[in-house]
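> model the following, please.
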Amino acid sequence: MKLLGLPCRLVILAYRWTVSPLLQALFPGMGCRFHPTCSEYALECFKSYAPWNALYLSVRRVARCHPYHPGGYDPVPDPDPKGRMP
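This next block holds a predicted model:
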């Protein structure tokens, strides 16, 4: 099941290697307000959850990334042993 998330992980890695450094160069000082960064969070989600659940958690996290959110430490929730979403 986690093999299905491989294309998504590759897209995230491509973003980290290409788009993210370009954004940092164009807009210095603007970075992710969360720790771990949104891309690290998404990679962890795809390692720990099924692809649809990981996509849901990743999109929910990116949606919270705006100037009015304080950010801070926001780890990936531990997978529920019963398979329920957090």
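> only C-alpha atoms from now on, for both contacts and neighbour counts.
Fine.
> these two touch, right, Pro36 and Arg61?
No. In this structure Pro36 lies outside contact range of Arg61 using Cα atoms under 8 Å: 10.9 Å.
> centre of the chain versus the top helix by length along the chain, how much separation?
As assigned by DSSP state H, the longest helix anywhere in the chain is helix 51-63. The chain centroid and the centroid of helix 51-63 are separated by 7 Å under Cα atoms, centre = their mean, to the nearest Å.
> and the next element down the chain from it?
Using DSSP states H and E, the helix or strand that follows helix 51-63 in sequence is strand 72-73.
> contact partners of stretch 65-74?
Outside stretch 65-74, the residues that touch it by Cα atoms under 8 Å, 6 or more residues apart in numbering are Cys32, Arg33, Phe34, His35, Pro36.
> using CSV, lay out the residues you listed together with neighbour count.
CSV is the format used below for the contacts of stretch 65-74 (neighbours: other Cα atoms under 10 Å):
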residue, neighbour count
Cys32, 15
Arg33, 17
Phe34, 19
His35, 13
Pro36, 16
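> going by distance to Pro7, which of those residues wins?
The closest of the contacts of stretch 65-74 to Pro7 turns out to be Pro36 (Cα to Cα; 21.2 Å).
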